[in-house]
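Chemist: coords below, sequence missing:
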């Protein structure tokens with residue numbers, strides 16, 4: 001399947017192109033599971049009825065979290081974005097949430113301990129420890145802020161809560177990766 005090359009775009013008119021390798025009815029049943037319906041409905045509140053594009057990503061996460069009745073939020077962040085994360089943490093706390101920010105260097109592991117091919121003795125990013133610490137806090141939602149590529153993948157494999165990204169690290173384009181298309 002290559003949706004980019006599709007000429008009909010029939011799926012945008014509620015008609016299947018029949019190129020997919022899944023059963024529509026099975027997925028509709030999965031959407032109707034109670035744990036998924038709450039997410040579907042909360043997400044719809046953010047985009048339906050002309051609301052799409054009216055809120056920042058930060059505002060969306062706050063509204064979504066309130067709609068989902070989330071109270072405990074973990075933040076996995078890059079230590080290089082600690083000042084921004086402190087401001088974000090304050091905004092969430094002022095919005096009534098209990099916040100658990102965890103730095104990527106938690107645990108103080110050396111790079112040579114994490115990467116068996118490394119001889120570097122300086123501190124390493126530690127996404128697995130970030131995830132474990134946040135898992136131990138029993139949060140409802142985890143937000144990632146600027147985790148390095150690869151570290152974000154390890155983190156997402158390990159985290160147990162619902163997880164979303166507020167900011168993707170892109171040092172070249174001031175953390176706005178879509179700007180790469182303009183060059």
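Modeler: Alright, I've got the coordinates. Small disclaimer: the values here were computed from a predicted structure and weren't measured.
Chemist: domain assignment for this structure?
Modeler: Split into domains by automatic domain parsing, the chain comes to 22-54, 56-182.
Chemist: what residue ranges in the chain are flagged as low confidence?
Modeler: Within the chain, the stretches with pLDDT under 70 are 183.
Chemist: Need the phi and psi values for the residue nearest the centre of the chain.
Modeler: In the chain, the residue lying closest to the centroid (C-alpha atoms, centre = their mean) is residue 164, at 2.0 Å. With angles defined as degrees, to the nearest 10, residue 164 shows backbone torsions of phi -140, psi 160.
Chemist: Any chance of the backbone angles for the residue nearest to it when sequence neighbours are not counted?
Modeler: Counting by C-beta to C-beta, 6 or more residues apart in numbering, residue 164 lies nearest to residue 143, which is 5.9 Å off, once chain neighbours are set aside. The way it works is simple: take the backbone N, C-alpha and C, and place the C-beta from them, glycine included. Backbone geometry at residue 143, expressed as degrees, to the nearest 10, gives phi -120, psi 130.
Chemist: quick one: the residue nearest to residue 162 when sequence neighbours are not counted from residue 74, how far?
Modeler: In space, and not counting its chain neighbours, residue 162 is closest to residue 141: 5.0 Å by C-beta to C-beta, 6+ apart. When distance is defined by C-beta to C-beta, to the nearest Å, residue 141 is 7 Å away from residue 74.
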